[in-house]
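Asks: Provide a 3D model corresponding to the input given below.
(one chain, ligands or ions: 1)
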Amino acid sequence: MQTNKKCYICNKESEKGIDILGSYICRNCEQEMINDEGSELKMEYYKSKVKSLWKNNLS
Ligand SMILES: [Zn+2]
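Replies: From the prediction side, this is the model:
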């Protein structure tokens, strides 16, 4: 049995994704982060999200 996890970035539930530092990121957001075609604003958003992830795990 598989339960869907909630994506840390877009808050959508998805069965496909990865765990980064204990937080779940869906396939979509993972691809968006890897893909350079995203807008700069979007990248800033992802970066700040990932940054706060790091902070949470370091403290
Ligand atoms: Zn997502």
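
Asks: low-scoring stretches of this protein, by residue?
Replies: Confidence mapping of the chain against pLDDT under 70 gives the ranges 1-3, 36-38, 59.

Asks: can you give me the helices in it?
Replies: For the chain, applying DSSP state H gives helices covering 27-34, 40-58.

Asks: between these, which gets nearest to the ion?
Replies: The closest of the helices of the chain to the ion is helix 27-34. By Cβ to the ion, the value is 3.3 Å. Every residue, glycine included, has its C-beta placed from N, CA and C.

Asks: That closest one close to the ion?
Replies: Yes - residues of helix 27-34 contacting the ion under Cβ under 5 Å from the ion: C29.

Asks: any chance of the helices of the chain in TSV, with mean neighbour count too?
Replies: Shown next, in TSV, are the helices of the chain (neighbours: other Cβ atoms under 10 Å):
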stretch	mean neighbour count
helix 27-34	15
helix 40-58	12
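
Asks: For the ones you listed, give me TSV that also has distance to I18.
Replies: Formatted as TSV, the helices of the chain follow (distance: least, Cβ to Cβ, whole Å):
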stretch	distance to I18
helix 27-34	6
helix 40-58	12
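
Asks: Among those helices, single out whichever gets nearest to Y8.
Replies: Closest approach to Y8 among the helices of the chain (Cβ to Cβ): helix 40-58, 6.9 Å.

Asks: So what touches the closest one?
Replies: Residues from elsewhere that reach helix 40-58 (Cβ atoms under 8 Å, 6 or more residues apart in numbering): 8-9, 20-23, 29, 32-33, 38.

Asks: mind redoing it with 10 Å?
Replies: Applying Cβ atoms under 10 Å, 6 or more residues apart in numbering, the contact partners of helix 40-58 are 8-10, 20-23, 25, 29, 32-33, 35-36, 38-39.

Asks: In these, find the pair that's most separated.
Replies: G22 and S39 (27.8 Å).

Asks: Would you mind listing what in this protein touches the ion?
Replies: Within the chain, the positions lying close to the ion (Cβ under 5 Å from the ion) are 7, 9-10, 26, 29.

Asks: center of this structure - which residue?
Replies: The centroid of the chain falls nearest to I25 when counting by Cα atoms, centre = their mean (3.6 Å).
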